[in-house]
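S.K.: Need a 3D model of the following:
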Amino acid sequence: MSPDEAQAVASLIAAQGEAGPGPALDALTRLTAPFDMSCAFAYGPGGTARLIHDGYSASVSRTALSRYLKGGFLLDPFYVACTTGVAEGLWRMRDIAPDGFFASDFASSHEVHPCISREAGTLVEEIGFVVPLARGEGAVYSLMRHRNGLAFSAEEFQALAGLGAIVAACLRRLPCQNGGQDVSPPATVDNERAFERAFGDRLTPTQLAVTRLVLRGHSNLSIATQMGITEGTAKLHRHNIYRRLNISSQSELFQLFIQRI
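M.R.: Residues are numbered from 1 along each chain as shown. Next up is the predicted model:
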């Protein structure tokens, strides 16, 4: 399909009635590249998350999904992408995630990551269409493959990217109406204050900034680059954070965050 053809179809979809386009969008994208699960979230600039299309399999934990919406989404690279101005289009998770994300606890947590079962490593790959919405929101339509499958090939990725105009038109309709979708209300979590509520009584503002990056999967080198400090200083900040919180690992830091949100 050419870009012009895609744009024409996108305009047609945008002019349709009130039926939610989520399931139809799944059917269309599956014709281009098969996948096991899908979902779409709308993220607000103040730190909110709404499930606007539930294409998860029946095995997805509703408890994990609830915890994700209550604040776990703050650690999701696609949330960060929506709130930091990543260009509209299709992205592989690995291309927008921090350098240590896939070794982080969030990436393999069955407690707060809806796509992960109790058997770590279930998710082979996640790709997502990032689309800016009105009022400063951004939406992501994610397609996922399970552990025993293969990552999306370059050809599949390119073909899906060609559907970008159609996906964008659908996502811009989904947050506006229910249409039979499992649409959740916005979470009452503030992007900055969630971290402050979790750790602000024991950490300095600089240590809070470092903690946020650690939880999102940044290495010491990446933290140093993000904050304009040396790698050694980033390492020292991490050491002092652990000492103040009376913990000794990133896993313990993650558990504290999940407990406090």
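S.K.: Quick check: which helices or strands does the helix or strand Ala27 falls within pack against?
M.R.: Ala27 is located in helix 22-32, with elements delineated by DSSP states H and E. With contacts defined as 3 or more CB pairs under 8 Å, 6 or more residues apart in numbering; DSSP states H and E, helix 22-32 has these neighbours: strand 37-44, strand 48-55, helix 154-161, helix 164-171. C-beta here means a position set from N, CA and C on the backbone, and glycine is covered the same way.
S.K.: For the third one, buried residues please.
M.R.: In this case it means helix 154-161. Buried residues in helix 154-161, defined by neighbour count with 16 or more other CB atoms under 10 Å: 156-157, 159-160.
S.K.: and the longest helix seen in the chain, what does it pack onto?
M.R.: Longest helix in the chain, counting residues (DSSP state H): helix 231-245. Helices and strands touching helix 231-245, as assessed by 3+ CB pairs under 8 Å, 6+ apart, comprise helix 205-215, helix 220-227, helix 250-260.
S.K.: Quick one: distance of the last one to the chain centre.
M.R.: Average the C-alpha atoms of helix 250-260, do the same for its chain, and the two points are 18 Å apart (CA atoms, centre = their mean, to the nearest Å).
S.K.: got the angle between it and helix 205-215?
M.R.: Interaxial angle of helix 250-260 relative to helix 205-215 (axes from the mean of the first three to the mean of the last three CA atoms, to 10 degrees): 100 degrees.
S.K.: if we look at helix 250-260, which residues are touching it?
M.R.: Applying CB atoms under 8 Å, 6 or more residues apart in numbering, the contact partners of helix 250-260 are 67, 72, 104-106, 109, 111-112, 195, 197-199, 211, 214-215, 241-242, 245, 247.
S.K.: Can you point out the buried residues in stretch 31-44?
M.R.: In stretch 31-44, counting by 16+ other CB under 10 Å, buried: 32-33, 35-44.
S.K.: Pull the CA coordinates from it and hand them back as PDB.
M.R.: What follows is stretch 31-44 as a C-alpha-only set of coordinates in PDB (Å, rounded to 0.1, in the frame of the first residue of the first chain):
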ATOM      1  CA  LEU A  31      -2.900  -9.300   7.800                       C
ATOM      2  CA  THR A  32       0.500  -7.500   7.500                       C
ATOM      3  CA  ALA A  33       2.300  -9.300  10.300                       C
ATOM      4  CA  PRO A  34       0.900 -11.800  12.800                       C
ATOM      5  CA  PHE A  35       1.300 -11.100  16.500                       C
ATOM      6  CA  ASP A  36       0.100 -12.600  19.800                       C
ATOM      7  CA  MET A  37      -1.200  -9.600  21.800                       C
ATOM      8  CA  SER A  38      -2.000  -5.900  21.300                       C
ATOM      9  CA  CYS A  39      -2.900  -2.900  23.400                       C
ATOM     10  CA  ALA A  40      -3.300   0.800  23.100                       C
ATOM     11  CA  PHE A  41      -2.700   3.300  25.900                       C
ATOM     12  CA  ALA A  42      -3.200   7.100  26.000                       C
ATOM     13  CA  TYR A  43      -0.600   8.900  28.200                       C
ATOM     14  CA  GLY A  44      -1.100  12.300  29.600                       C
END
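S.K.: Do you know the pLDDT at Arg118?
M.R.: Here, the pLDDT recorded for Arg118 equals 54.
S.K.: show me where the stretch 1-150 of the chain has helices.
M.R.: Taking DSSP state H, counting those that start in this stretch, the helices of the stretch 1-150 of the chain run over residues 3-14, 22-32, 62-70, 77-83, 93-96.
S.K.: Figure out which of the ones you listed is closest to Ile261.
M.R.: helix 62-70 (5.9 Å; CB to CB).
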